[in-house]
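# how would this look folded up:
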Amino acid sequence: EYSEGPIKTKERIEEKTKIDYGGNHLMVVDIVRSSAVFHSLLDLNDAVVALMDPHSIVAVRRIKDRISNPLDSGYRDVLLNLKVNGIGCDMIMELQLHLKDIIALKEAGHRIYDFLRTL
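I've put the predicted structure just below:
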């Protein structure tokens, strides 16, 4: 199951630029976001392998494996920063890969994440 996420707000981009990237707005690469939900770890892994294909139109720029290294809240997913080649745009987007059995935890985990990142 694939879904487009909301565009990151200007306020959140400015906050992330200042706090996480020392004022360098070019480091914010998750302005455009989407997600995919998988029924098994094997299916999720197959998607990552397919996206890593060097002949693909999509280039993976970074992988954040939070399955092996979960958040402090225990939430697990995989975040990919992707660039679509051949369209004349260098923008990088984020694709979040989730497991169906733990996606219900995302809302509670995200509230904890939002709180912790403000500390």
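
# which of the three states applies to the closest residue in space to Asn24 that isn't next to it in sequence?
Spatial nearest neighbour of Asn24, excluding adjacent residues (CB to CB, 6 or more residues apart in numbering): Thr17 at 6.8 Å. In short, each C-beta sits where N, CA and C put it, glycine included. Three-state assignment for Thr17 (DSSP: H, G, I helix; E, B strand; the rest coil): helix.

# what is the neighbour count of Thr17?
Neighbourhood size, Thr17 [other CB atoms under 10 Å]: 16.

# surely it touches Met27?
Yes. Thr17 lies in contact with Met27 (CB atoms under 8 Å); the separation is 7.3 Å.

# His55 in helix, strand or coil?
coil.

# if I look at it, how far off is Val37?
Separation of His55 from Val37 (CB to CB, to the nearest Å): 26 Å.

# who has more neighbours, these two?
Applying other CB under 10 Å to His55 and Val37 shows that Val37 carries more neighbours, namely 19 against 4.

# where does the chain dip in pLDDT?
Applying pLDDT under 70 to the chain picks out residues 105-111, 113, 117, 119.
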